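**Student:** sequence first, predicted coordinates after that:
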Amino acid sequence: MYYEDDLPAALSFDPFKAIVAPRPIGWVGTLNEDGIPNLGPYSFFNAISTRPNLVAFSSEGMKHSAANARATGEFTLSLVTYALRDKMNASSAHLADGANEFAAAGIEMGTSRRIRPPFVKASPAAFECKVVQTMELTGLDGASADSFLTIGQVVAVHIDDAYVSDGKFDAARAEPLARCGYRNYAVAREMFELGRPDGPAVPV
Ligand SMILES: Cc1cc2nc3c(=O)[nH]c(=O)nc-3n(C[C@H](O)[C@H](O)[C@H](O)COP(=O)(O)O)c2cc1C
């Protein structure tokens, strides 16, 4: 199968998001300009730099998380786990601006220290982030993709000590959830080590 612009008849749905998978899910916590908390999951999300640690999420359309982050300069990211899958999904409901998805989904808020937006208290790990850059994405033709990228710098990290062993974050124990296109998700429970051919003895 090969195609460029039009999907072949054999494909009923664009597989793009099933091919770029599994994608981590950034659970974005923000405050609107009135200080009302907002929470939403974003799988167009990833770590994009270290030194400093930078993360990015993309909003298809100017959704509340992106608008709030741009307006206030702050957001949190909570790790979505298998145990939190239903609460994450509930928090993706399209609620009106100013509706608190933490409250609507029965999610307890954790208190940030360096920024104002809350995070998901039950999550094994969460970042406090300050917005470095926001941009409207375009296609090759320069026309707006109506997608908005928010880049943030991690300024504080919360980790539940129960998920730290041998000086490392025990990601397998946390069972992070990932998005796989269509209605599919994956959960990472098994991990294995692979040293880089010319890498350091201590993994990075
Ligand atoms: C697992 C998951 C991942 C999602 N990823 C994205 C995404 O990357 N970009 C996006 O615009 N919407 C995404 N959505 C949809 C938003 O979460 C949904 O539109 C939500 O209402 C946005 O909330 P907000 O307006 O409070 O930010 C995703 C939904 C789910 C369940």
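**Tutor:** Looks like it came in fine.

**Student:** burial measure for the nearest residue to D97 once chain neighbours are set aside, as a count.
**Tutor:** In this structure, D97 finds its nearest non-sequential neighbour in H64, 5.8 Å apart by CB to CB, 6 or more residues apart in numbering. Where C-beta positions appear, they are placed from N, C-alpha and C, glycine not excepted. Per other CB atoms under 10 Å, the neighbour tally for H64 reads 22.

**Student:** does H64 touch L39 like I think?
**Tutor:** No - between H64 and L39 there is no contact under CB atoms under 8 Å: 9.3 Å.

**Student:** overlap in contacts, the two.
**Tutor:** T30 (CB atoms under 8 Å, 6 or more residues apart in numbering).

**Student:** for R116, phi and psi?
**Tutor:** Torsion angles at R116 (phi, psi; degrees, to the nearest 10) stand at phi -90, psi -30.

**Student:** who's in contact with the closest residue to it other than its chain neighbours?
**Tutor:** Of all residues beyond its chain neighbours, the one nearest R116 is L31 (5.6 Å), with distances taken as CB to CB, 6+ apart. Neighbour list for L31: 37-38, 68, 72, 74, 116-117 [criterion: CB under 8 Å, 6+ apart].

**Student:** at 7 Å what do you get?
**Tutor:** 37, 68, 72, 116-117 (CB atoms under 7 Å, 6 or more residues apart in numbering).

**Student:** possible to save these as CSV with secondary structure and neighbour count?
**Tutor:** Below are these laid out as CSV (DSSP: H, G, I helix; E, B strand; the rest coil; neighbours: other CB atoms under 10 Å):
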residue, secondary structure, neighbour count
P37, strand, 22
N68, helix, 25
T72, helix, 18
R116, coil, 15
P117, coil, 25
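
**Student:** just curious, which of the residues you listed is nearest to the ligand?
**Tutor:** N68 (7.6 Å; CB to the nearest ligand atom).

**Student:** and that closest one, how far from L39?
**Tutor:** 10 Å (CB to CB, to the nearest Å).

**Student:** what helix or strand is L77 located in?
**Tutor:** Assigned by DSSP states H and E, L77 belongs to strand 74-79.

**Student:** just after that strand, pick out the following helix or strand.
**Tutor:** Next along the chain after strand 74-79, taking DSSP H and E as the criterion, comes helix 85-90.

**Student:** and the contacts of that following helix?
**Tutor:** Under CB under 7 Å, 6+ apart, the answer for helix 85-90 is 25, 27, 41, 80, 105-107, 177, 185.

**Student:** what's around A83, how many residues?
**Tutor:** Count around A83 with other CB under 10 Å applied: 14.

**Student:** P118 now?
**Tutor:** Using other CB under 10 Å: P118 sits among 24 other residues.
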